[in-house]
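Visitor: Any chance you could fold what I've pasted below:
(5 chains)
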Amino acid sequence: MTTAINADGQRKPPLLEIDDVVAGYGAGVILKGVKLVLHRGDVMCLIGPNGAGKSTVLKTVSGLLRPKDGAVRLEGEDVTTEAPKAKLRRGVVHVPQERSLFPGMTVWDNLLMGGYLMRNNKILHARIDEAAQMFPIITSRRSAHAGSLSGGEQKQVELARTLLFDPKLILLDEPSIGLDPKSRRLVFDAIRSLAAAGRTILLVEQNARSGLAASDQGAVLESGLVRLTGPAAHLLGDPEVARLYLGASQHARPSNNAPALSSALAAVAAPTPQEELT
Amino acid sequence: MHALIQGLILGVLTGGVYALMASGQTLIFGIMKVVNLAQGAFVIASAYLAFTLFTRFGIDPFLAVLITTPLMFCIGAAGQWLFLRPLRRENAAELSLLVTFALALLIEGILSVTYSTTYRSINTGYANKSFEVAGYTVSAVRLYGFLLSIALLGLLYGVLQKTRFGRAIRATVQNPQSAALLGVDATRVQAYGFGLGISTAAASGSIFGLLYPFQSGSHYDLISRLLSVVVLGGLGSIGGAVLAGIAIGVVSSVAAVLWSPTWSEMSFFVVLLLVLLVRPQGMFGRVERGAV
Amino acid sequence: MYDNRLSFRTRNRLGLAAAAMGLMVSVSACSASATSSSSTSSTTLVIGVSLSLTGDFADPGKAVQRGYQVWADGVNAKGGILGRKVEMKIVDDLSSPNQVVTNYQNLISRDHVDLVFGPFSSLLTVPASQVANRYHYAFVESAGGGPKVFAQNLHSLFFVQPAPVVEQGNVFADYILSLPAGQRPKTAAYPSLDDPFAKPIADGVQKRFEAAGIKTVYSGTYPAETPDLTPIMAKIAAAKPDVIVSGTQSQDAYQQVKSLVQLHFNPRWLFMSNGANSPTEFPDKVGKGNTAGVFSAGDWFADSKAAGSADFVKAYIAKFGGTAAGIDNSSAEAYAAGQVIELIAKRTGRVDNQTIINSLHSGTWPTLLGDLSWNSVGAPQGSYQLVQWIGGALKPVFPASVAQAAAVVPKPNWAG
Amino acid sequence: MTALLDVTGMTKRFGHLTAVDACSFSVAEGSITALIGPNGSGKTTVFNLITGYLPTDSGSVAFDGRSIAGADPGGLYRQGLSRTFQQARVFGDLTVQENLVVAAGGSWRSVFGRRMSRSDRIRAAELLEEFKLSHVADLFASELSWGQRKLLEFAAVLMSRPRLVLLDEPTAGVNPLLIQTMASHIRSYNATGVTFLIVEHDMSFVMTVCDQVIVLDRGKTICVGTPEAVQSDPRVLDAYLGD
Amino acid sequence: MTTASMHQSRLVTPAGLTRASAFTALLVALPLVFNAHWMVNLLFFTVLYAAMSVAWNLIGGYAGYPSLGHAAFFGLGAYGVSLVFTGSQVLSNGYEPFLLLPLVGLGAGLIALPIGLIAMRTRADVFAIVTITLLFVAQTLAFNLKGLTGGAQGASVAPPPFRLEIFEQPFYFAAAALLLLAMGLTYLAVRTKIGLALTAIRADEDKARGIGIRTTAVKLMAFSVSVGLVAMAGGIWAYYVGFVYPQFAVDPLLTIAIVLMTFLGGRATLWGPVLGAAILMPAQQLLAYYVGGSRLYLIAYAAIFLLIILLLPRGVLPTVFHRRRLSALAATASQAEAQAVPSTGPEVLRPPTVMASEPSYVQTSAGERR
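Guide: Take a look at the predicted model:
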């Protein structure tokens, strides 16, 4: 049922399957049955207007939010209810939207924190060397405090840090937010080099054009449902995308009549997606 | 002039010990935003431990640190687990003030039952030794105590900077959510961090016991100074605590020499109030960033 | 429906508060009934005392307690006072003035004790003596001799020591001024604890020394919580006085000595009002070698020949162990308070409060502290003895009538 | 229509980042104006600057013709400029009714007035009725759902009869029915003369409610116009979809 | 309109009046029924501390500023009385010092204004520490301003000329009057906009300022009234005990005692501090009297303290109210369900607090992030 969205990779086994996931905060529902399939080695960009539930999708995958219904499968295994730490051990790394570096620590210490769960120093240092080849900044600025780096540089370090987990799946939440154009280019370059190195990435991006340009696959989320999926290049030109962003005919125009008492009560009971508000 | 410099030397040496005690307290604040009112009581408890180890087993108080430090670490971690972890988050800050105060009373009570309230002091062979350097007298115990404090502060710095555990603590202080995403168990970090903060009391206790007579109620006086030190330094800033510790030592001993010992305490509190007037976050406190 | 909701927030708070008050009352009442049986039967003489068994004054408080216990045991062994067994009802006041007031209230108005003795420290003696005075109880107390105690002008109070605390230094001044002019010190320093017991002593000596032409090179007080006396002692060492007269309490005396040893400053005379007269604590805290030559003032010594002293020492050691030299003066002073009561009973055949008050205002009363007598406000009229550490023990050296050894001058060097 | 709020060259920097960059716009009296733009474009910062929660680095803000630079939020509120927050901030330890009353503003003397005067109660009852919150009037605000809190915060700022209300994402996290309710409240209050400036993501909401739209991108005003004009403006699409 | 909301609009409700008169009657009756001296003495301390706890609750409970420096003002009041009525004076009727109290309270309240202005630049933790510092400054001053305070020698207060039989009663009634005053002021504060403002400040001070509440003024008012009342308590105390020593007049343990009483009974409630004092003060004094020598009392005290905080973090009264409220809400909700009216029950019943067992940033669908 969740097939046929992969244009060029049918032979690859699905890495991540999000199956009819319903999730939200408190009693509220933000994801109303999201379906997505991500294949190994793919980079998928999830776009959509604010409040559509993009970040929530990432959270259900990384375990920060437990779905109310549906399933999350990793390599065919059901991991729906696993805690973040367990997911981390499986190689699912979540890079949140907010800056996740430790500003008072050096770049090097920040990297080492990426290896916190790793007991084998040899492997750790081998992976750091590996990451350094892709992100030279981690050696050139190794003893600088992370807080003193520019936004783009910080994102690069964050991305480099994910490599220490030898990640199967990298979840990137709005990596370009709040960055100046130059920094943004740095970040998308970095994502491309990760992709080139064969990493599987699920990317949430506000900057839809840059995001899709860096991705193989695209999906458009709107009001907690996946409205469109397809190769990234196709979505870039799809006029429907613009409509989903700037509002259009799918919405029934709200009537001016005051709602009936019962529906108003039902309405006020709908609670909060605090995370979606940022 | 001579007396002034003598006072200065003394102030720095004493301040080093305060710096060590306060570093633990400020570390605890940095990790879990708890103002630990029991820090003084833990110092006194350590002083009693060192006293017992010395009088019963003849273990030198400076060596006793090797035993008391891990012990205090365990007690601290257990105390956090038992009494602070269960607090409700909504008003944890205020309740933790009360909990740590109750903890201080509990320790005081246990100490007064175990040791009675008689003043004790640890009198080692070198208790009254002193060195003369260029006409200035430096007491041996103070010098050793200062050196030990500096060494332990260095060790604490090393633990925080160079070890996996230390990195986890700093990371939790600076960005708890991100630390959790990288697999750091916050509950454990808080318990161990509290233990680490308390463990600085062990060595401070040995030195305190060598320098001053103490009894179970001595912690009240100690905590008022420690609070001043950590607020002056900026809650959560270890570097600030060290500088403020030395500052309190120097200010109070120089004021005692130049002015009068009765006003020296006062001068320090006035400095503290003035600093807070200008910078409510303390000398080195940062509003947005964490400790270390 | 709205009414219901609102009412949770307001209803029945009165009920709760009332219940709480009731609880409080019943707690008190219960405890009252639980212990009232222990109070007076006509054959027992119950003496109530509030002592600091915890808190700041706990240490000397317990020494006082031991003195009372030794006395009570001794009296009871001899058949009690006028045939009545003595029962000491000793309660803890946490070194708090509120509690001391409550305790004497409870002792007198609830437990109806026959007599009361005073608490430890002038700070607690003052509020306590007010309570006792109100009920016309005699207030025989062995540990509150500060000036404010006598300034109350209480007719019912008696301080059981040879002289008011402030006069403790007089004997040292007498001694120094008895020296030929050429041998007297030229300069003096007066470091003192800011305490009603300590400061007036140094002040008194200073006044007399200055009148005699001895120059003051340092005079200052330090608060009780000063952790470090080194800055002050360094200042004194720099001024090189011939004599140091310290108004000390206990711990600060040890701290002063420690600092002086570390500073390698050894004055010709060193007088410390209290702390240095503690037979075991002092050598224990400063090192036996460092005691040599230190002067202090005292009212009682283990080998004192005064009335009942030998009995006291024997009974004390039998009860608590240790050595004669290890007995705290506070214990002896407490014992003396008991002796006074015993004597009154013997002389008058009565032990009621009015008799005690009337009796003590006249005549002299031999105790293990020597012969005591009081003026109209309860200040004792005698004087202390000057003692000096000689050969590791405290020896009376002045006045000549009680001297057991000659004063050692100059003070031997610190042992280190 | 005259400009009730006039923002000229407003700038705010956080460290290296320029969050609001010489931003200028004006809000006409009696209008419902939307402030839109992609995430991180500085909308909430603009709100914080206008309402005095943050000091501006440079530029000027005028409310009703008078400069309000450097004014404190409380003073502005009393002058008739009130706002809501993205994450509704209500006082959890006060009841719903009290949350309204406490926001009534008022004179110095009223500080000593009754906790809930007759006029407060009547006004609160009206608003509660209007916002369909009467049935929870005596609950503590901490016991409300998210959507109810958003409604409550909105209702509360109307207590002081403000002239200009700044709404920060009134529809965030609330369900479609409630969105309609919000829209009708905004319209009906606008009809009584209250001017609205609304930060909003829900474009259909903006299209149906607002009569003017200001588009912000990276701290700059890039476009001002009617909803229809803005919707078809390529600069806006670029801002949203990126370059 | 409901009767409840009608009451809300009045400054003083009939129910409030009834409660006030009943409590006043109780306060008056207590020392007459339990008239043994020791009992009145105990009642005096209990009522005095209750008054101080109620006063502390204004700023520490309602406004959420946990002052630890109230003892400084207690000392101020004590020294104020001792300064005017020195030990050498003979009082004609003995009530003169009580008449001075309003002046003492006013003076302390005025002195508190600039101090509060500085101290309230900081929030909770730091405010607590700054006020502790204030306490030590006050103690140092008491020791060092010998001309005014007599320094360590202490200051004496003129002895009260009351007859022995009723000796404690004037003090008790003064303390009881102070308690009623403190409760009356608290009640008025709660019934006026000030109470709303204080609660709003505790919940979200920035937002409160943003909606035009004069936060600084209200906070200062609460602080000033609070310490003014405590200063008056200090005055009564000094007169009762007769002597004022710095270490007893400015005692950190005093602050701790009143904070503890407030937390035990329930802060930000009118009756909580009274209940806390009624439990703790007799317990403490009687424990000390009967088992004090055993030294276990400190351990017992600390253990009780810890248990209360861990088991009843809101205090006795709020816990009771919360339980009753929850059950009543459940009842209303089920009633509503039975009437087939759409219910907000499940939402409403969610307890406003979430236990901190999980790290704060891990969310589950069950509990939202706080």
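Visitor: and the stretch 101-250 of chain B, which residues reach chain E?
Guide: B:101-103, B:105-106, B:108-110, B:112-113, B:176-177, B:180, B:186-187, B:220, B:224, B:227-228, B:231, B:235 (C-beta under 8 Å from any C-beta of the partner chain). Just so you know, the C-beta spots here come from the backbone N, C-alpha and C atoms, and that holds for glycine as well.
Visitor: cutoff 6 Å now
Guide: By C-beta under 6 Å from any C-beta of the partner chain, the residues of the stretch 101-250 of chain B that approach chain E are B:102, B:105-106, B:109, B:112-113, B:177, B:180, B:186, B:224, B:227, B:231.
Visitor: could I get the residues you listed as JSON lines with secondary structure and neighbour count?
Guide: As requested, these are exported to JSON lines (DSSP: H, G, I helix; E, B strand; the rest coil; neighbours: other C-beta atoms under 10 Å in any protein chain shown):
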{"residue": "B:Ala102", "secondary structure": "helix", "neighbour count": "25"}
{"residue": "B:Leu105", "secondary structure": "helix", "neighbour count": "23"}
{"residue": "B:Leu106", "secondary structure": "helix", "neighbour count": "22"}
{"residue": "B:Gly109", "secondary structure": "helix", "neighbour count": "22"}
{"residue": "B:Ser112", "secondary structure": "helix", "neighbour count": "22"}
{"residue": "B:Val113", "secondary structure": "helix", "neighbour count": "16"}
{"residue": "B:Gln177", "secondary structure": "helix", "neighbour count": "16"}
{"residue": "B:Ala180", "secondary structure": "helix", "neighbour count": "22"}
{"residue": "B:Ala186", "secondary structure": "helix", "neighbour count": "21"}
{"residue": "B:Ser224", "secondary structure": "helix", "neighbour count": "21"}
{"residue": "B:Leu227", "secondary structure": "helix", "neighbour count": "26"}
{"residue": "B:Val231", "secondary structure": "helix", "neighbour count": "32"}
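Visitor: Closest one of these to C:His264?
Guide: Using C-beta to C-beta, B:Ser224 is the member of those that lies nearest C:His264, at 33.0 Å.
Visitor: Can you show me the strands along chain D?
Guide: Under the criterion DSSP state E, strands of chain D are mapped to D:3-14, D:17-28, D:32-36, D:58-63, D:66-67, D:81-83, D:164-168, D:195-199, D:212-217, D:220-225.
Visitor: could I get the helix or strand containing C:Ala63 in PDB with only the CA atoms?
Guide: Secondary-structure assignment from DSSP states H and E places C:Ala63 in helix C:58-77. C-alpha atoms of helix C:58-77 as PDB (Å, rounded to 0.1, in the frame of the first residue of the first chain):
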ATOM      1  CA  ALA C  58      25.500  22.800  74.200                       C
ATOM      2  CA  ASP C  59      29.100  22.100  75.100                       C
ATOM      3  CA  PRO C  60      29.300  24.000  78.400                       C
ATOM      4  CA  GLY C  61      25.600  23.300  79.000                       C
ATOM      5  CA  LYS C  62      26.400  19.700  79.400                       C
ATOM      6  CA  ALA C  63      29.300  20.400  81.800                       C
ATOM      7  CA  VAL C  64      26.800  22.300  84.000                       C
ATOM      8  CA  GLN C  65      24.400  19.300  83.700                       C
ATOM      9  CA  ARG C  66      27.100  17.000  85.000                       C
ATOM     10  CA  GLY C  67      27.800  19.300  88.000                       C
ATOM     11  CA  TYR C  68      24.200  19.200  89.000                       C
ATOM     12  CA  GLN C  69      24.000  15.500  88.600                       C
ATOM     13  CA  VAL C  70      27.000  14.900  90.800                       C
ATOM     14  CA  TRP C  71      25.600  17.200  93.400                       C
ATOM     15  CA  ALA C  72      22.200  15.600  93.400                       C
ATOM     16  CA  ASP C  73      23.600  12.100  93.600                       C
ATOM     17  CA  GLY C  74      25.800  13.200  96.600                       C
ATOM     18  CA  VAL C  75      23.000  14.900  98.400                       C
ATOM     19  CA  ASN C  76      20.600  11.900  97.900                       C
ATOM     20  CA  ALA C  77      23.300   9.500  99.100                       C
END
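Visitor: returning to that earlier point: quick one, which of the strands of chain D is nearest to chain E?
Guide: Chain E lies closest, by C-beta to the nearest C-beta, to one member of these: strand D:81-83, at 7.1 Å.
Visitor: which neighbours does the closest one have in its sheet, and in what orientation?
Guide: If you go by DSSP bridges, strand D:81-83 pairs up with strand D:164-168 (parallel).
Visitor: Wait, a strand at C:Gly275?
Guide: No - using DSSP: H, G, I helix; E, B strand; the rest coil, the assignment for C:Gly275 is coil, not a strand.
Visitor: domains of chain C?
Guide: C:2-165+C:305-372, C:169-273 (automatic domain parsing).
Visitor: Now do the first one: distance to the chain's middle.
Guide: Put plainly, it is domain C:2-165+C:305-372. Averaging C-alpha coordinates over domain C:2-165+C:305-372 and over its chain gives two centres that are 14 Å apart (C-alpha atoms, centre = their mean, to the nearest Å).
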